[in-house]
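# Using only what follows, build the 3D model:
(chains A and B)
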Number of protein chains: 2
Amino acid sequence: MKVALLGHGTVGSGVEKILNGMKDTDIDICGILVRNIRPDMDERYTDDVEKIFGNKPECIIECLGGDEPAYSYVKRALESGIDVISANKKMLSRHMDLFDTAKSNNTKLLFEASCGGGIPWLINIRRIKRNDEIVSIKGIINGTCNYLLSRLFNEDISFADALKNAQELGYAEADPSDDICGYDSRYKLTLSIYEAFDKIMDYSSIPCFGIDNITDKDIQYAKDNNMVIKLIASADLKGNNISAFVMPCFIRKDDIFASVSSNNNILMSDSKYLGKAYFAGQGAGSLPTGHAIVQDLLDLKNNEMCLNESEADKIDNDISRLGVFYIRHQNIAAFKDYIAEKISDDSFISRRCSFKGISDIIDNNHDEKMFIGEINR
Amino acid sequence: MKVALLGHGTVGSGVEKILNGMKDTDIDICGILVRNIRPDMDERYTDDVEKIFGNKPECIIECLGGDEPAYSYVKRALESGIDVISANKKMLSRHMDLFDTAKSNNTKLLFEASCGGGIPWLINIRRIKRNDEIVSIKGIINGTCNYLLSRLFNEDISFADALKNAQELGYAEADPSDDICGYDSRYKLTLSIYEAFDKIMDYSSIPCFGIDNITDKDIQYAKDNNMVIKLIASADLKGNNISAFVMPCFIRKDDIFASVSSNNNILMSDSKYLGKAYFAGQGAGSLPTGHAIVQDLLDLKNNEMCLNESEADKIDNDISRLGVFYIRHQNIAAFKDYIAEKISDDSFISRRCSFKGISDIIDNNHDEKMFIGEINR
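Just a heads-up that it's a prediction; the model follows:
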């Protein structure tokens, strides 16, 4: 099987290392697209994408990251009869049309590594769906946030210092907003919704709150109540509606989600027969992510993908779901109808109420320092 | 695809319910073997196994439990070219020759539901192995023990009362020894070792300690040290050796294994590239177990089993592994060379030492009330 790699950074080099270490495989890397050719690179390396396509690979593994040129290359491959494996959650979730492109060209688009890193998540929800109906999914799917939150709960350190330290260690980007504002989790949730429910939801319709405004007071409230805070991405099916959110959540310390610390990830699927099933492990890293990509490649080669061939419909996000929220906001008076318990002059716990009502007030009372988290989800 | 069910108890009826609910499937239950025919049963039900084989099913699903006649029926099926799915951990782990029978007859023997109930464990370790090397496995795989331990840690209740209550609720058998002495976990570990390492280990060579002798004092020691006790089954690869144990373990409260409570199960695989991957969920129950069996059936039907065709070798258990142990024993003097910290007149924490040394003393100083647990595994 002739395979081409687009990109040879953290993920691409992990894929190559794992493929090199496999015995008795007929997988052959026929081309590797890199930005800059170095003298020590062999003849498979090129900076010319035409050479990659000219080699007529059966599968292209896209590890470029970013929107372009990744999107154009993936689209071209799918339209040329070449199967694609991508780890690019940002690009895929913003271009869900690619799934139609794949289906109409009878090509495959696999993306296990894009969601939960090495954790075998998408294949397992595809498998579960074969004889069951998934009713909700939930995950801690951003390692950077989980690392920061773990430090905030275990050490006497400010958010700013923890972030600076994470950046020095390479656990957070120079511009950390995709991670800490929840956007990265939202991309991954969009892709998980596609796999779990066969629905295409516009990523921008998913309410998204991050951990960037978390303070010592919020953490203290959690600790006083025997809880931790985790950034949770979730989607629930109710009838024909799906409610999807990315939001910090206050979670009891003895919950399995509370036990997933540092940069690890966990994902949960709840279905009619199997019930809650949890998948946890390394959400990033060269070899775990490389492992997930090679798993896709083996599934493709052996035709063991458990793919559903039906078309996915578009669906709106239903944000009318009820919940109990912890809110810190300078204009607490605006929320007066929702307050069940006042914690301080700028924070309170809501009654069980519709997120829609709360969100309308938030939208009308812009506050850069606001922090919101759902309780006991 | 013509399928026959052997047994229509908790598991068998779950399988039937799930198959009945599936649309667009060409799986047809052509016979159901039961002990006693009732007037309300349709013509598929029979108490005559010859009718089952006479129907020429392509696959037999064995949900009888127990050793005989399950073993004879499974062997006969495999030798007659019929694939078999079994949930019977006790029978399978005591008759590992069946795996050879399957291979030499070019038939398949799948057993996902036998280990971890509904949790997709065996398929995932088979998948991981395709491009990775598993170096250790570890699990909480007995729901009865986990339910009892959860109650002992969360309530002021004695082991005897918790057990009696569990029996009344149907969470424990009238004769609970298979569960609470660790034998059930040992059966499941034997089967997991087969899948993870392609090795056949005699189940009786695995040291097996249960939770039946646990006392308030042991629990108090755990609590005082911010730990819980869980019954752990584990196997570690070191070079060409495998060390396998079933033993209570003292685990830090913030560990993911500590967060798996009540009758839930968790299983972990650690491998070279993927690292630690965790799978958790319902370890028993009619529908979760039925779900796992139907998953095997779909894999069989679609040829998506990810099976390794190579023969499994026999391997001895290497119990020389080093560890730190909590031991309560009336003859503490016998262990004098191993004591790192004395807790009371009949209990101590060992230094890091070989399990072999400790086990020799245990064997030579029989004590019905002894409790042993490993620390911080």
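
# okay, A:Glu168: pLDDT?
A:Glu168 is assigned 91 on the pLDDT scale.

# I'd like to know how far the residue nearest to A:Asn308 when sequence neighbours are not counted sits from A:Val228.
Sequence neighbours aside, A:Asp198 is the residue nearest to A:Asn308 in space, at 6.2 Å (criterion: Cβ to Cβ, 6 or more residues apart in numbering or on different chains). The way it works is simple: take the backbone N, C-alpha and C, and place the C-beta from them, glycine included. Plainly put, A:Asp198 is 33 Å away from A:Val228 if you go by Cβ to Cβ, to the nearest Å.

# out of these two, which sits in the busier spot?
A:Val228 (23 against 15; other Cβ atoms under 10 Å in any protein chain shown).

# that's a strand at the more buried one, yeah?
Yes - membership of A:Val228 in a strand is supported by DSSP: H, G, I helix; E, B strand; the rest coil.

# residues touching it, list them.
With contact taken as Cβ atoms under 8 Å, 6 or more residues apart in numbering or on different chains, A:Val228 is in contact with A:149, A:153, A:222, A:250-251, A:253, A:258.

# Strands along the stretch 51-200 of chain A, start to end?
A:59-62, A:83-86, A:109-110, A:134-140, A:199-200 (DSSP state E, counting those that start in this stretch).

# C-alpha coordinates for the fourth one, PDB please?
Taking only C-alpha atoms (Å, rounded to 0.1, in the frame of the first residue of the first chain), the coordinates of strand A:134-140 have been written out as PDB:
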ATOM      1  CA  ILE A 134     -25.700   6.700  21.400                       C
ATOM      2  CA  VAL A 135     -27.600   9.200  23.600                       C
ATOM      3  CA  SER A 136     -24.800  11.400  24.900                       C
ATOM      4  CA  ILE A 137     -21.000  11.900  24.600                       C
ATOM      5  CA  LYS A 138     -18.800  13.900  27.000                       C
ATOM      6  CA  GLY A 139     -15.100  14.500  27.200                       C
ATOM      7  CA  ILE A 140     -12.100  16.200  28.600                       C
END
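
# that older thread, identify the farthest-apart pair in the contacts of A:Val228.
A:Leu149 and A:Lys253 (13.1 Å; Cβ to Cβ).

# who's more crowded, the two?
A:Leu149 (25 against 16).

# measure that one to chain B for me?
13 Å (Cβ to the nearest Cβ, to the nearest Å).

# ok, that residue to A:Tyr273 distance?
33 Å.

# since we're on A:Ala292, how many residues are nearby?
Neighbours around A:Ala292, by other Cβ under 10 Å: 33.

# Kindly apply the preceding question to A:Ile123 instead.
25.

# ok, for it, nearest residue in space, not its chain neighbours?
A:Glu112 (6.1 Å).

# Which neighbouring residues are in contact with that neighbour, exactly?
Applying Cβ under 8 Å, 6+ apart, the residues contacting A:Glu112 are A:85, A:120-123, A:292-293, A:295-296.

# Out of those, which comes closest to B:Glu311?
Distances from B:Glu311 to the contacts of A:Glu112, taken as Cβ to Cβ, are shortest for A:Gln295 (24.7 Å).

# now the closest one: how far from B:Asn317?
Per Cβ to Cβ, A:Gln295 is found 31 Å from B:Asn317.

# Mind checking which of the two has more residues around it?
More crowded of A:Gln295 and B:Asn317, by other Cβ under 10 Å: A:Gln295, with 27 against 20.

# What strand or helix carries the more buried one?
Using DSSP states H and E, A:Gln295 maps to helix A:286-302.

# Can you point out the buried residues in that helix?
Residues of helix A:286-302 classed as buried by neighbour count (16 or more other Cβ atoms under 10 Å in any protein chain shown): A:286-301.

# Of all residues in chain A, which one is nearest the centre?
The residue lying closest to the centre of chain A (Cα atoms, centre = their mean) is A:Lys188, at 2.6 Å.

# and that residue, what does it touch?
A:Lys188 neighbours (Cβ under 8 Å, 6+ apart): A:89, A:93, A:114-116, A:139, A:141-142, A:233.

# now A:Tyr171
Each residue near A:Tyr171 by Cβ under 8 Å, 6+ apart is listed here: A:143-144, A:147, A:263.

# What distance do you get for it to B:Met22?
A:Tyr171 is 44 Å from B:Met22, where distance means Cβ to Cβ.

# Could you do A:Met305 as well?
A:Met305 is 19 Å from B:Met22, by Cβ to Cβ.

# more crowded one of these two?
The neighbour comparison of A:Met305 against B:Met22 (other Cβ under 10 Å) goes to A:Met305, with 17 against 13.

# hang on, isn't that one packed against A:Asp299?
Yes - using Cβ atoms under 8 Å, A:Met305 is in contact with A:Asp299, at 4.6 Å.

# shared neighbours, those two?
In contact with both A:Met305 and A:Asp299: A:110, A:123, using Cβ under 8 Å, 6+ apart.

# Just list the residues touching A:Ile193, thanks.
By Cβ under 8 Å, 6+ apart, the neighbours of A:Ile193 are A:137, A:199, A:201, A:235, A:242, A:244.

# how about the fifth one, secondary structure?
What that stands for is A:Ile242. strand.

# For it, give the beta-bridge partners.
Counting by DSSP bridges, A:Ile242 forms beta bridges with A:Leu237, A:Asn317.

# Contact residues of the stretch 101-250 of chain A facing chain B?
Selection of the stretch 101-250 of chain A residues close to chain B by Cβ under 8 Å from any Cβ of the partner chain yields A:118-120, A:123-124, A:127-128, A:130-132.

# Out of those, which two sit at the greatest distance?
Among these, A:Gly118 and A:Asn131 lie farthest apart (Cβ to Cβ), at 25.8 Å.

# And those two? Which one has more around it.
A:Gly118 (30 against 24).

# Would you report the backbone torsion angles of the more buried one?
phi -80, psi -20 (degrees, to the nearest 10).

# Might one say that it is in contact with B:Gly275?
Yes - assessed by Cβ under 8 Å, A:Gly118 is found in contact with B:Gly275 at 6.8 Å.

# residue boundaries of the helices in chain A?
A:10-21, A:49-54, A:70-79, A:89-94, A:97-104, A:122-130, A:143-154, A:159-168, A:177-180, A:183-197, A:216-224, A:286-302, A:355-364 (DSSP state H).

# Now do the same for A:Lys301: its pLDDT.
A:Lys301 is given a pLDDT of 94.

# Near the nearest residue to it once chain neighbours are set aside, how many other residues are there?
Spatially, and ignoring its direct neighbours in sequence, A:Lys301 is nearest to A:Met1 (5.4 Å; Cβ to Cβ, 6+ apart). Neighbour count of A:Met1, defined by other Cβ under 10 Å: 15.

# For A:Met1, which residues are in contact?
By Cβ under 8 Å, 6+ apart, the contact set of A:Met1 is A:26-28, A:58-59, A:297, A:301.

# which among those residues gets closest to chain B?
Proximity of the contacts of A:Met1 to chain B (Cβ to the nearest Cβ) peaks at A:Leu297, which lies at 8.4 Å.

# Can you tell me who the nearest residue to the closest one once chain neighbours are set aside pairs with across the strands?
In this structure, A:Leu297 finds its nearest non-sequential neighbour in A:Ile85, 6.1 Å apart by Cβ to Cβ, 6+ apart. Beta-bridge partners recorded for A:Ile85 (DSSP bridges): A:Ile61, A:Leu110.

# how close does A:Ile85 get to chain B?
Following Cβ to the nearest Cβ, the distance that separates A:Ile85 from chain B is 13 Å.

# count of residues packed around that residue?
Neighbour count of A:Ile85, defined by other Cβ under 10 Å: 28.
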